[in-house]
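J.: dropping a prediction and its sequence here:
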Amino acid sequence: MGAHTLTLVAAGSLAGAFVGLVVAAIAWNNRERPAATQFALLMVAVAGWCVFAAAQMVATTTAEAYLFDRIVRVSSTHVPPLALTFVLAYGGHDEWLAPKWLALLWAYPVIYILLSVTAPLHGLATGPAAVTFQTVAGVTAPVVPVGPAKTVHLAFAYVVMVLVYLVLFRLLRRTRTAHRGQAAAVVVGSVAPFFANVAFYTGFLSHPGLDPTPMTFVLSGGIIGWGLFRHNFLSVTPLASDVLIAGLPDPVLVLDRDDRVVDSNPAAAAALVGDDVEGEYVSDVAPGLIRSLTEEGIYSVPTEHATDGGVTRFYDPQVETIDDQHDTERGRLVVLRDVTGQHRRQDRLEALQAATQRFIAASTDEEIASLAVDFLEQALDHHGAGVFLVDDAETTLQPAALTDTTAGYYDDKDLTIGPDSVPFDAFESGEQRTLTVDDGSPFTVFTFFPLGDHGVVAIGSREEFGFASDDEQFAAILARTTQVALSQVEREGALRQSRASVERRSEQIEFFNGVLRHTMRNALLVIQGRADHLRAHVEPSQESHIDVIERWCEDLATLSDEIRALNDTVTATESERFEAVDLTALLRSRTERVALEFESVDVTVDVGDDLQVRANELAGRVLDTVIRNAVDHNDATEPRVEISTQLAADRVQVRVADNGSGMSDEMKESVFERALATNQTASGFGLYFVSVVMNLYGGTVWFEDNDPRGTVAVLEFQSTAAE
């Protein structure tokens, strides 16, 4: 029985060595990963402890037992500090792995090892003479006492192990899911060797030469190996744990270098496909996310994958790399910022802009109503809508357009809305109204938005609590836009009727004017012909009367032509109304005519060359009227009229200055009034005619005081040089 026990413990120690070497080899092959190197060194020390502990147990001489015991002490003394450096590196506490702290940590192990190896020289540690073979319960094995430093040695080892567990428990508390599984594997894997060692040194076991601690590393290595493969141990360490907050409202994912999901928070369920996503490729659980990360675009959860009633959600991915202490990328931390609200508002803004453009082009109430429900159906997703317009008698609201969902349900029902109803109250009061219904329809709540004097917009919600505030605000804005469009159509209809009426009246006036001018010209021809006939039958002294008749005939014929030209100017379009007129030549010809007619008046001209202005055939009569007005009302002893031009930006000013008695400020304001026109010329035209024509030209006319005496008439034309 005793021999079997010894063999079992020794074999168990060798098995522990094998497991330690295997795990150390795996860790060393992944030494580029955080804490892998420290873990490999720890496992090598454990393997050395196990091998030479087994050799010590089966030693046949005291010398062999003492030699193997020294090697066991060298190996086992390194295990606690190596375990501490491993958990510090694993937990990301690189600041405690500085050389000064490592030197302090290894100060005692180095001293103890030196004392153990040189024991025969000083007696501070047990020497070869202290080795004995003891038989307990039929088991004979060598026993090597620890010596005087036993208490200090055990105190150091256990204090360091307590620090190891403190770091691990802190890691357990602040990490989650996969990382918590890793930390738990380390804790559980180290418990068996720790308690076995405590039991051995406290004398709890029967034989003082059989230390079960190395044998327990089989269990320890198995548990840590399970953590190695099951929980991605040493792959993505919990470097992101401090920033991965479970209560964060935005979805958070931790991806390894192969884009597998290592961890996620509860909010990520809304953005992923499936429940258990750890270890899955992100392309399988979040289709399209990798492309969004690469292109820095918006990631949308397809409607069939959405978890909130089928409404597609949109996310703006924010990515941070997870680097180890060597600045090597180990994974990525992905935060999906929910921008569904902003995206929907942008879509609705674009829809509203498109609706406004199409509303502007609409020409009937029915077309506007149809556009309104189309945009409401598009923007509010699974909601119904309808536009109801008031009838001519303003006693009922009639359906003008309905969404397909609404029309499908109410197809066989009379939707005429009369007084004493919620929607009619919204129409009359001009205020929004809400109505909860239970009529078996798909809708639970209707909200009615007034359209001014036109009717109401009705929108129906399938949700128990009605519309979200964003939906309601959009519907209200679209209702106001619809109201404006309906009012515009109404105004345009009235404007078209008014324009048609004006056109009819203009045609009638033009007809009667044409008849009048034609009749008057025929009459003038008859009068002029009779005057010529009478000239041969009157005395020469009476021919002056014939001259007056003929002059009046000529003036009235000219007036008829000018009325026609004025009427054509008023009714013509802007492109038809204007032409380029050579103002320089026109002024000189008109001035020469006046100078010849009024020889007693000193008329001078100082005009620029090649002055082209926007005008037409009436410009000559305008200039004649102003120049003659300056001559006719000049009461100076030596009457003088000076005509000049000057440029003012894109305008050409014609200045007609006289040295007459001048004009009062009141007269300057009223001289262009229509009531004064018939008193200014015998033909009934005058300065009112000048004012009207200049306005039609896009110009203006006014009077200024002349220095030292008289008045200056200023005509301002638009220059064609600016075109």
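T.: Sure, I can see it.

J.: now the strands for the stretch 351-500 of the chain?
T.: 384-390, 397-402, 433-436, 445-450, 455-461 (DSSP state E, counting those that start in this stretch).

J.: what helices or strands is the shortest one leaning on?
T.: By that I understand strand 433-436. helix 422-429, strand 445-450 (3 or more CB pairs under 8 Å, 6 or more residues apart in numbering; DSSP states H and E). C-beta coordinates here come from the backbone N, C-alpha and C atoms, glycine included.

J.: which one of these lies closest to Ser206?
T.: strand 445-450 (81.8 Å; CB to CB).

J.: can you tell me what sits against that closest one?
T.: 422-423, 426-427, 429-437, 456-461, 463, 465-467, 472, 475-476, 479, 483 (CB atoms under 8 Å, 6 or more residues apart in numbering).

J.: outline the domain layout of the protein.
T.: 2-230, 243-338, 573-722 (automatic domain parsing).

J.: helices and strands of this protein: which one bottoms out on pLDDT?
T.: helix 574-577 (a mean of 63; mean pLDDT, DSSP states H and E).

J.: list the strands paired with the following helix or strand past that helix, with their directions.
T.: Helices and strands here follow DSSP states H and E; after helix 574-577, the next one along the chain is strand 579-582. In the sheet, strand 579-582 lines up against strand 612-615 (antiparallel) (DSSP bridges).

J.: name the residues that touch the strand it pairs with?
T.: In contact with strand 612-615 (CB under 8 Å, 6+ apart) are residues 578-583, 619, 652, 697-698, 717-721.

J.: nearest residue to Phe427 in space, please, no chain neighbours.
T.: Val456 (5.1 Å; CB to CB, 6 or more residues apart in numbering).

J.: list the residues that contact the one you found.
T.: 387-388, 397, 423, 426-427, 448-450.

J.: on the pLDDT front, check it for me.
T.: On the pLDDT scale, Val456 is placed at 92.

J.: measure it to Val390 for me?
T.: 9 Å (CB to CB, to the nearest Å).

J.: next one: Thr37
T.: 84 Å.

J.: ok, Asp707 next?
T.: 68 Å.

J.: these two: who's more crowded?
T.: Neighbours were tallied for Asp707 and for Val390 using other CB atoms under 10 Å; the higher tally belongs to Val390 (20 against 8).

J.: any idea how far that one is from Ala400?
T.: Val390 is 10 Å from Ala400, by CB to CB.

J.: overlap of the contact sets of these two?
T.: Contacts common to Val390 and Ala400, judged by CB under 8 Å, 6+ apart, are Gly455.

J.: contacting residues for the residue of the chain positioned farthest from its centre?
T.: The outermost residue of the chain, judged against the average C-alpha position, is Glu539 (98.2 Å), by CA atoms, centre = their mean. Shown here is Glu539, which makes no contacts under the criterion CB under 8 Å, 6+ apart.

J.: quick one, phi psi at it?
T.: phi -70, psi 150 (degrees, to the nearest 10).

J.: which residues touch stretch 400-407?
T.: So stretch 400-407 is contacted by 365-366, 369-370, 372-374, 376-377, 382, 384-389, 410, 415, 442, 455, 460 (CB under 8 Å, 6+ apart).

J.: any quick ChimeraX command for the buried ones out of those residues?
T.: Remark: buried members of these, expressed as a ChimeraX selection using 16 or more other CB atoms under 10 Å:
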select :365,369,370,372,373,374,376,377,384,385,386,387,388,389,410,455,460
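
J.: so how far is Gly91 from Leu97?
T.: 11 Å.

J.: the more surrounded of the two?
T.: Neighbour count, other CB under 10 Å: between Leu97 and Gly91, Gly91 has more, with 23 against 15.

J.: how about the nearest residue to the more buried one, chain neighbours excluded?
T.: Gly91 sits nearest to Leu171 (CB to CB, 6+ apart), 4.9 Å away.

J.: now what about the helix or strand hosting that neighbour, what contacts it?
T.: According to DSSP H and E, Leu171 maps onto helix 150-174. Helix 150-174 is contacted from outside by 77, 79-81, 83-84, 87-88, 90-91, 93, 105, 108-109, 112, 146, 179-180, 183-184, 186-187, 190, 194, 197-198, 201, 238, 241-242, using CB under 8 Å, 6+ apart.

J.: hmm, which of those residues are the buried ones?
T.: Judged by 16+ other CB under 10 Å, buried ones among the contacts of helix 150-174: 77, 79-81, 83-84, 87-88, 90-91, 105, 108-109, 112, 146, 179-180, 183-184, 186-187, 190, 194, 197, 201, 238, 241.

J.: pretty sure Thr395 contacts Gly418?
T.: Yes - counting by CB atoms under 8 Å, Thr395 touches Gly418, with 7.2 Å between them.

J.: buried stuff in stretch 401-416?
T.: So, applying 16+ other CB under 10 Å, buried residues of stretch 401-416: 401-403, 405-406, 409-410.

J.: and what of stretch 579-592?
T.: 581, 583-584, 586-587, 590-591.

J.: again with stretch 713-723
T.: Per 16+ other CB under 10 Å, stretch 713-723 contains these buried residues: 713-720.

J.: give me the subset of those residues lying in strands.
T.: 713-718 (DSSP state E).

J.: any chance of these in a markdown table, plus distance to Asp256?
T.: Formatted as a markdown table, these follow (distance: CB to CB, whole Å):
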| residue | distance to Asp256 |
| --- | --- |
| Ala713 | 92 |
| Val714 | 87 |
| Leu715 | 87 |
| Glu716 | 81 |
| Phe717 | 82 |
| Gln718 | 76 |
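
J.: and the furthest pair within those residues?
T.: Longest span within those, CB to CB: Ala713 and Gln718, 18.0 Å.

J.: mean confidence score for stretch 606-614?
T.: 91.

J.: okay, how far is it across that stretch, tip to tip?
T.: 21 Å (CA to CA, to the nearest Å).

J.: which stretches of the stretch 501-650 of the chain have low pLDDT?
T.: Applying pLDDT under 70 to the stretch 501-650 of the chain picks out residues 502, 506, 508-517, 566-577.

J.: what are the boundaries of the strands in it?
T.: 579-582, 602-606, 612-615, 640-648.

J.: would you indicate which residues of the last one are buried?
T.: Taking 16+ other CB under 10 Å as the neighbour-count basis, strand 640-648 is seen to contain the buried residues 640-645.

J.: pull up the pairing partners for that strand, direction included.
T.: strand 602-606 (parallel), strand 651-658 (antiparallel).

J.: could you dump the ones you listed to JSON lines with distance to Met161?
T.: Shown next, in JSON lines, are these (distance: least, CB to CB, whole Å):
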{"stretch": "strand 602-606", "distance to Met161": "115"}
{"stretch": "strand 651-658", "distance to Met161": "100"}
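
J.: does Ala40 sit in a helix, a strand or a coil?
T.: helix (DSSP: H, G, I helix; E, B strand; the rest coil).

J.: ok, it - contacts?
T.: Here Ala40 is in contact with 24-25, 27-28, 31 (CB under 8 Å, 6+ apart).
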